[in-house]
Every structure is written in C-alpha cells, then in structure tokens.
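K.L.:
here's a sequence, model it:
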Amino acid sequence: MTGVTRRWLARGLIALFALGAIRTVVVSVLPILRPYRSSARLKQMADEMNRLLPAMVGTEMELTRVMGSEGMLTEELRLVHYTGTVAAFQRQVPAMRPQMIAIACADRTLRDQFLLREIGVRYNITAADHTHLATVQVLPSDCRR
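P.N.:
Below is the predicted model of the structure:
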C-alpha cells in the first residue's frame, strides 16, 4: 500500500462522517415528498446538495457532485492528493469497503434518512487528475448484517 493510499484510507474514511453535515442541511430544509426514494425526490436532494459543492471533506477528499436516481444517491469524491495508479488503488478497495460500510451505517443522517428508507449510496472515487479509481456502493442490506 502506498503512503498516499494509506493516508487516504486513514483520513479519508473518517472524513466521510463530515458529509453528514451537508446531508443534514439538505434533508432538513426539503419538504417531505412521496415516494421518498423516487428519482424525482433524490434528484431534488442532489440539486440542493450541489449548491454547497464542491466542498473539502477533511484534507484528503473533495466532494464534487451528488446525483440522485431511483433508490440511489451517488456522491463523487476526488482524492485531491492521490497520484498513484488505478491498479494500486483498486487493490485496496476490498479492505476499504467494509470500513466504508461501517462508517455509512454509523452515520446518523445517512443511516436514518437514506439507508433505512431503502436508498443506497454509491461513492465514485477519482484521483487528483479526475481519473476514475473505484466505485464503492453501500446498500441498505449492508447495514442489516
């Protein structure tokens, strides 16, 4: 594992909790629409979140954009200092995924407003130069294990 990958793993995963502040603001100001997990509802939430973006999440990661689709919220994260290879990063994904699931399931806003309402969260992760590194998905069923 490279130093940058190790540093991101240590700092970046913890920084995912900070995303809760953006989600909390958006969830609290939007009126409840039915159905909650609909594409229209999640696109509206994503549009509201995108007004606050881009935003740094800790020192290693930038939340650049959020997208909503039926039953899924997708967050695009850029590792601002990562210059390693795609292959090197992807080798770390199996170790990162359980930690990302644990963080997502423990995050009160993410868990209560999304995962418990059967809305999954997808993280599209890119390098500093915007090269796609990996996609990690947290499904509602992951939090029931």
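
K.L.:
okay, now the nearest residue in space to Ala104 that is not next to it in sequence: neighbour count?
P.N.:
The shortest distance from Ala104 to any residue that is not its chain neighbour, by C-beta to C-beta, 6 or more residues apart in numbering, is 4.3 Å, and that residue is Val138. Placement of C-beta: from N, CA and C, glycine included. Residues within reach of Val138, counting by other C-beta atoms under 10 Å, total 24.

K.L.:
and Val138, how far is that from Phe89?
P.N.:
18 Å (C-beta to C-beta, to the nearest Å).

K.L.:
next one: Ala95
P.N.:
Taken as C-beta to C-beta, the span from Ala95 to Phe89 is 11 Å.

K.L.:
which one of the two has more residues nearby?
P.N.:
Between Ala95 and Phe89, counting by other C-beta under 10 Å, Phe89 is the more crowded of the two (23 against 10).

K.L.:
pretty sure that one contacts His132?
P.N.:
No - under the criterion of C-beta atoms under 8 Å, Phe89 lies out of contact with His132, with a separation of 9.9 Å.

K.L.:
give me the common contacts of those two.
P.N.:
Both Phe89 and His132 are in contact with Ile125, where contact means C-beta atoms under 8 Å, 6 or more residues apart in numbering.

K.L.:
within the helices and strands, which one has Arg97?
P.N.:
In this structure, Arg97 is located in helix 86-106 according to DSSP states H and E.

K.L.:
what number of residues lie near Thr109?
P.N.:
Counted with other C-beta under 10 Å, the neighbours of Thr109 add up to 18.

K.L.:
oops, could you answer that again for Asp129 instead?
P.N.:
8.

K.L.:
residues touching it, list them.
P.N.:
By C-beta under 8 Å, 6+ apart, Asp129 lies in contact with Thr83.

K.L.:
and it, which of the three is it?
P.N.:
coil (DSSP: H, G, I helix; E, B strand; the rest coil).

K.L.:
what bits of the chain have low per-residue confidence?
P.N.:
Scanning the chain with the threshold set as pLDDT under 70 gives 1-35, 145.

K.L.:
report the separation between Ala46 and Gly84.
P.N.:
Taken as C-beta to C-beta, the spacing of Ala46 relative to Gly84 amounts to 29 Å.

K.L.:
for Thr59, which three-state class applies?
P.N.:
Classification of Thr59 by three-state DSSP places it in coil.
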